[in-house]
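Chemist: pasted the sequence and its predicted model underneath.
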Amino acid sequence: MKNIVLFGAPGAGKGTQAQLLEDKYDLEHISTGEVFRYNIKKDTELGKLAKSYINKTQLVPDDVTIKMLIKEVERFPDANGIIFDGFPRTVVQANALCEFLTKRNDTINAMIALEVPEDILIERILLRGKTSGRINDQSETKVRIRLKDYQDNTFILKDYYQKQYKYYGIDGVGTIEEISSRIQQVFDKL
C-alpha cells in the first residue's frame, strides 16, 4: 500500500496530478477541497462550519478538517493506497493522520511536493477562477491571502516530512505530462 501526501500551494496542480496518479496506480484520491465542497453542498454541520471559514479566506480549523478527512479515508478500507491532496496542512493534522494510519498498521510513504513560483501560482489560480466558479479563485487579493496563509501555516510540513526522509520536491512548472513524469519517477522508487 502506498499512501502519498501530494503537497503544494494553491494552484500548484495537485488535483490534476492526483488524478493521473490515481488512474495509473489504482489509488484512491482524497481531495480536501472536494470533501469540503461536498459537505458544503450537502449542507452538513461540518460543511456549514467549513464554509464559514472558507468565506473569510481562512483555513478550516484542524479539528473540523481532521474529522472530515478521517471519515473519508474510512470509506476505502481495501484501497491499494491513498493520495492525500490538500491534507494535512498543519503539523496537528499530520500527527492526527499518522496516528490514524498507525492504528490501521499503515503509514505515509512520501510527501511529493509540487514546487511552483508564486507569480505562476497566481496566474494559474486566476485562470482557474474564470472557469471553475470558485469565489476564492477570482480575486488576486484573495489569492495572495491564501498563498500567504499557505506559506505561514502549511509550508512547515516540508520540515516535518524531511525529518522522516519522506519529502520529495518536484519542479511543478512545465506541461502536465512533464510534471507527471517527474512525479512517477519518484513514485516508482517508493
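Modeler: Yep, it's here.

Chemist: pull the CA atoms of the helix or strand of the chain with the lowest mean pLDDT into CSV?
Modeler: In the chain, the helix or strand scored least confidently by mean pLDDT, DSSP states H and E is helix 140-149, which has a mean of 85. C-alpha atoms of helix 140-149 as CSV (Å, rounded to 0.1, in the frame of the first residue of the first chain):
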residue,chain,number,x,y,z
GLU,A,140,-6.0,38.5,-6.8
THR,A,141,-6.2,39.9,-3.3
LYS,A,142,-7.9,36.7,-2.0
VAL,A,143,-5.4,34.6,-3.9
ARG,A,144,-2.5,36.4,-2.3
ILE,A,145,-4.0,36.0,1.2
ARG,A,146,-4.3,32.2,0.6
LEU,A,147,-0.7,32.0,-0.6
LYS,A,148,0.5,33.9,2.4
ASP,A,149,-1.6,31.7,4.7
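
Chemist: quick check: buried residues in it?
Modeler: For helix 140-149, burial by neighbour count (16 or more other CB atoms under 10 Å) applies to Lys142, Val143, Arg146, Leu147, Asp149. Just so you know, the C-beta spots here come from the backbone N, C-alpha and C atoms, and that holds for glycine as well.

Chemist: ok, stretch 126-135 next?
Modeler: Arg128, Gly129.

Chemist: from the chain's centroid, how far away is that stretch?
Modeler: 18 Å (CA atoms, centre = their mean, to the nearest Å).

Chemist: pretty sure Leu20 sits in a strand.
Modeler: No. Under DSSP: H, G, I helix; E, B strand; the rest coil, Leu20 sits outside any strand and is assigned helix.

Chemist: that one reaches Ser181, doesn't it?
Modeler: No. At 10.0 Å, Leu20 and Ser181 do not qualify as touching, with contact defined as CB atoms under 8 Å.

Chemist: ok, these two, which is more surrounded?
Modeler: Leu20 (17 against 12; other CB atoms under 10 Å).

Chemist: circling back to that earlier point, make a markdown table from the buried residues of helix 140-149 and add distance to Gly33 to it.
Modeler: A markdown table is the format used below for the buried residues of helix 140-149 (distance: CB to CB, whole Å):
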| residue | distance to Gly33 |
| --- | --- |
| Lys142 | 15 |
| Val143 | 15 |
| Arg146 | 12 |
| Leu147 | 15 |
| Asp149 | 14 |
